[in-house]
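S.K.: mind looking at a prediction? Sequence and model below.
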Amino acid sequence: MFKIGDYITPIDDTGQFEIVSMNNGLIYAKDAAGFEHVFSKAEVIPVVSDWVNLNINEDSFRKGKPIIKKRSVKSKRKKEKHVVDLHAGVILESLAGLTNHQILIKQLEEAKDALIEARKNKMNYVVLIHGKGKGRLKEELHLFLNSVERIEYYDAEFRLYSGGATEVKLY
């Protein structure tokens, strides 16, 4: 049903991905920014954009029939992800003389600057790497993100960040 070069879309999400390889029931596909994603065959359906008949219903999704995409105007937002490492050793030249609280404030300022920069550059996603640790930075980062409008955030892809990053989607 699927072959390399086909385009797919997740059943429970949005986006279009090009299949680059398949192995043991898994589909490896890349998005428009070149990031690789892994799906099971049950999670996706093919994208068919040249069909004339646009009559589809909910039952067609359940039966695994192709989804029909209308051609649309391209978004002005860039699909690539802005990745920012918030580890203190990365963003600060020296930790000498700084309290844990001061370091945390600098890390949160760096996250805020990353979101501002991403909006300015019309990017869709920001990945904030906070590390696994004891979770204090992640906890404070999520409290900060709760106050930001027109975003959605969630744990970044485990396969890439091992549970030590938060992905922010900008609207």
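M.R.: Perfect, thanks for sending it.
S.K.: for the longest helix along the chain, C-alpha coordinates in CSV please.
M.R.: Longest helix in the chain, counting residues (DSSP state H): helix 100-120. Written as CSV, here are the backbone C-alpha positions of helix 100-120 (Å, rounded to 0.1, in the frame of the first residue of the first chain):
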residue,chain,number,x,y,z
ASN,A,100,20.7,28.4,41.4
HIS,A,101,17.9,30.9,41.3
GLN,A,102,20.0,33.3,39.2
ILE,A,103,20.9,30.5,36.8
LEU,A,104,17.2,29.5,36.5
ILE,A,105,16.2,33.1,35.7
LYS,A,106,18.8,33.2,32.9
GLN,A,107,17.5,29.9,31.5
LEU,A,108,13.9,31.2,31.5
GLU,A,109,15.1,34.4,29.8
GLU,A,110,16.8,32.4,27.1
ALA,A,111,13.6,30.4,26.5
LYS,A,112,11.6,33.7,26.3
ASP,A,113,14.1,35.1,23.8
ALA,A,114,13.9,31.9,21.7
LEU,A,115,10.1,32.2,21.5
ILE,A,116,10.4,35.9,20.5
GLU,A,117,13.0,35.1,17.9
ALA,A,118,10.9,32.2,16.4
ARG,A,119,7.8,34.5,16.1
LYS,A,120,9.9,37.2,14.5
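S.K.: what mean pLDDT does it get?
M.R.: In this model, helix 100-120 has a mean pLDDT of 92.
S.K.: that one: which residues count as buried?
M.R.: By 16 or more other Cβ atoms under 10 Å, the buried positions in helix 100-120 come out as 103, 104, 106, 107, 108, 110, 111, 114, 115, 118. The C-beta positions use only the backbone N, C-alpha and C, and glycine is treated the same way.
S.K.: please apply the same query to stretch 37-49.
M.R.: For stretch 37-49, the neighbour count (16+ other Cβ under 10 Å) marks 37, 39, 44, 45, 46, 47 as buried.
S.K.: could you do stretch 145-163 as well?
M.R.: 145, 151, 153, 156, 157, 161.
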